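Return a 3D structure for these sequence lines:
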Amino acid sequence: MNYTKIDLKEHGTLTCCEHTRMKEMPDKERPALLVLPGGAYEFCSEREGEPVALWFYGRGYNTYVLEYPIDEKAKYPDQLVAAAYAMHTIRARAKETRTDTTKVFAMGFSAGGHLCGCLLNCDPALPCVKAYDFKPNGGVLCYPVIGGDKTHSQSFKNLLKGQSVPWLDLLTSGRSDNPPAFVWTTADDDAVPAVNSIAYAKAYADKGLKYALHIFPHGRHGLSLADSATNADLSDVDPHISLWAHLADAFLKTL
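Numbering: from 1, shown residues only. Sure thing, here's the model as predicted:
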């Protein structure tokens, strides 16, 4: 494994887990996955970063975790520009890392799910990101903050810091050419209600776009991989939730 951290300067830090060539194995291009941790745009959850990247690395992806800007001065579009620049960086490294540039995906958790959705919904001509090859070939949104009446208002407060940017309500800004999306959550999430995920999936369905939606009956917000490596206590968690990563992997491999 090539494990390295890239200082993206004002765009944060990108931690790379990239496969190296092995003489005994065929040399082939691999898919890539950018992981965007949650944290209400206030911090980047460690549980939703490296453990997730290592799990998907084990399934054959070159994986990347972005620590995007979260300090007291960070506000839109800083986080979006950081994510777009990270996607651009992954594709720029494709030749040396043997990455298939048609299979560069993004995955986000909670507020990171909102950031992932921003990459999916974003107009490539938006001035702050138009210089970057940022569009994912597919996205995975994990218990995501989306928008609408029942969302996580603190995430939007931390992101906007008093600004009004209507398109960041992802229910209304989806495009007819949005990449495919895999969305999952739990029915009794009391931090980011499941209606966020349902409404985003419906927006995809209304446009005839490819998507998958999985809602597990029981589980708190912020479960990450829903295993003992990312949770100190799983006594109140549906054991089937950990299947989400296998389902997401299968979905991405159809793209």
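
contact partners of the longest helix that the chain contains?
Counting residues, the longest helix found in the chain (DSSP state H) is helix 78-92. By Cβ atoms under 8 Å, 6 or more residues apart in numbering, the surrounding residues in contact with helix 78-92 are 6, 8, 10-12, 14, 32, 34, 36, 41, 62, 64, 66, 68-70, 99, 101, 104, 106, 115-116, 118-119, 122, 128-129, 132-136, 159. From N, CA and C alone the C-beta is placed, and that goes for glycine too.

Please apply the same query to stretch 200-212.
117, 141, 144, 146, 170-171, 174, 176, 178, 180-183, 213, 247, 251.

So which of these wins on neighbours?
Within those, neighbour counts (other Cβ atoms under 10 Å) peak at L141, which reaches 33 neighbours.

which SSE is it in?
In the assignment (DSSP states H and E), L141 maps to strand 139-142.

what distance separates that strand from the middle of the whole chain?
Taking Cα atoms, centre = their mean, to the nearest Å, one finds strand 139-142 lying 5 Å from the centre of the chain it belongs to.

and what of stretch 104-119?
That offset, for stretch 104-119, works out to 3 Å (Cα atoms, centre = their mean).

still on that earlier bit, just the C-alpha atoms of the next helix-or-strand element following the strand holding L141, please, in PDB.
As assigned by DSSP H and E, the chain's next helix or strand after strand 139-142 is helix 153-160. Extracted in PDB, the C-alpha atoms of helix 153-160 (Å, rounded to 0.1, in the frame of the first residue of the first chain):
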ATOM      1  CA  SER A 153     -30.200  23.000  10.800                       C
ATOM      2  CA  GLN A 154     -26.900  23.300  12.700                       C
ATOM      3  CA  SER A 155     -25.000  21.800   9.700                       C
ATOM      4  CA  PHE A 156     -26.400  24.500   7.500                       C
ATOM      5  CA  LYS A 157     -25.600  27.200  10.000                       C
ATOM      6  CA  ASN A 158     -22.000  26.000  10.300                       C
ATOM      7  CA  LEU A 159     -21.700  25.800   6.500                       C
ATOM      8  CA  LEU A 160     -23.300  29.000   5.500                       C
END
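
mind listing what's buried in helix 153-160?
S155, F156, N158, L159 (16 or more other Cβ atoms under 10 Å).
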